[in-house]
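*Asks:* okay, structure incoming, though there's no sequence with it:
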């Protein structure tokens, strides 16, 4: 076998741009490949929706990679365990309806199954802005993360989508763009991003699924972005609510697209 450097390079370019080009018009675009974004992508892709995630960092998984304070274990409650069971992630009980799981196994298993379901994941891509049609979000404005980090003035490009999910975590970046640049009024009590409250695991877990819903026409929130937008507490290294949030967000999008 002859190893040809140009052939290697061309193969990578051709394969990548085939995937990216086929993802410029989506049913659902998801900003952020944390656990909630990947779980949402998994359920949506399983339903047959053309779904892609755009992740700013090199790695996927958000905060779940690091477990609790860099100890690579996470906890989930019974309902979260049932979702991990669907991804064939091993867990063990620790009492009172709680279970512990390896954070690396959990992250990689969810990512793999989302990809196998048909979702695409593009890492090292940042969200600069949203596309607006009338008074609704119609897509994401994307650029290479390296451009953002270097502070370069390079024009971005666009991905169009029927529905968009802000799964960018604590910063709720897409919703903040809508709030500041679009001047849109979010479907929150104040009409704005409320900002997350300090840690209260039980209350944060309770509110997360309820908060995982449409927050502006065609824009949904999932994961910590949902609690940050609605002003609910953070939870720490318990991830059942994050998993349930992704599933709930996918179910609500499926219901709305079905209409």
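*Replies:* All right, it came through fine. Note that the structure is a prediction, hence the values are computed from the model and not measured.
*Asks:* what about stretch 69-80, how long is it end to end?
*Replies:* 20 Å (Cα to Cα, to the nearest Å).
*Asks:* that one - what's its average pLDDT?
*Replies:* Stretch 69-80 carries an average pLDDT of 96.
*Asks:* contact partners of that stretch?
*Replies:* Residues outside stretch 69-80 that contact it (Cβ atoms under 8 Å, 6 or more residues apart in numbering): 64-68, 83-84, 91, 94, 97-104, 106, 205, 237-241, 243-244. For every residue, glycine as well, the C-beta is placed using N, CA and C.
*Asks:* please redo it, this time with the cut-off set to 7 Å
*Replies:* Stretch 69-80 has contacts (Cβ atoms under 7 Å, 6 or more residues apart in numbering) with 64, 66-67, 84, 91, 97-104, 106, 237-240, 243-244.
*Asks:* over to stretch 112-131?
*Replies:* Residues outside stretch 112-131 that contact it (Cβ under 7 Å, 6+ apart) are 19-20, 23, 31, 33, 38, 41-42, 45-46, 51-58, 60, 87, 137-145, 148, 156, 158, 160, 173-174, 177-178, 181-182.
*Asks:* in the stretch 51-200 of the chain, mark out all the helices, start to finish.
*Replies:* Using DSSP state H, counting those that start in this stretch, the helices of the stretch 51-200 of the chain run over 78-86, 103-117, 145-150, 173-177.
*Asks:* now for those, which one comes closest to residue 196?
*Replies:* When the helices of the stretch 51-200 of the chain are compared by Cβ to Cβ, helix 173-177 sits nearest residue 196, at 12.2 Å.
*Asks:* other SSEs contacting the closest one?
*Replies:* strand 125-133, strand 157-166 (3 or more Cβ pairs under 7 Å, 6 or more residues apart in numbering; DSSP states H and E).
*Asks:* pLDDT (mean, whole number) over the longest one?
*Replies:* Yep, that's strand 157-166 we're talking about. Per-residue scores along strand 157-166 average to 98.
*Asks:* and stretch 6-26, by the same measure?
*Replies:* Mean predicted lDDT for stretch 6-26 stands at 97.
*Asks:* follow-up on the earlier one: pull out the buried members of the contacts of stretch 69-80.
*Replies:* 64, 66-67, 84, 91, 98-104, 106, 237-240, 243-244 (16 or more other Cβ atoms under 10 Å).
*Asks:* before we move on, back to that, could you say which of the helices and strands packed on helix 173-177 is packed most deeply?
*Replies:* strand 157-166 (a mean of 23; mean count of other Cβ atoms under 10 Å).
*Asks:* so which of the helices of the stretch 51-200 of the chain is the most packed in?
*Replies:* Greatest average neighbour count among these goes to helix 173-177 (a mean of 23), per mean count of other Cβ under 10 Å.
*Asks:* need the residues that contact it.
*Replies:* Contacts for helix 173-177 (Cβ under 7 Å, 6+ apart): 31, 127, 129-130, 164, 166, 168, 186, 193, 215, 219, 221, 225, 229.
*Asks:* and the pLDDT for residue 258?
*Replies:* On the pLDDT scale, residue 258 gets 89.
*Asks:* what's around it, how many residues?
*Replies:* Neighbours of residue 258 under the rule other Cβ atoms under 10 Å: 7.
*Asks:* next one: residue 197
*Replies:* Residue 197, neighbours per other Cβ under 10 Å, totals 15.
*Asks:* looks like it contacts residue 232 (just checking).
*Replies:* Yes. Under the criterion of Cβ atoms under 7 Å, residue 197 makes contact with residue 232 at 6.4 Å.
*Asks:* OK, contacts around residue 66?
*Replies:* Counted by Cβ under 7 Å, 6+ apart, residue 66 has contacts 72, 103.
*Asks:* oh, I was asking about residue 252
*Replies:* 213-214, 220.
*Asks:* with residue 92 instead?
*Replies:* Here residue 92 is in contact with 99-100 (Cβ under 7 Å, 6+ apart).
*Asks:* rerun that using 8 Å as the cut-off
*Replies:* Contacts of residue 92 by Cβ under 8 Å, 6+ apart are 99-101.
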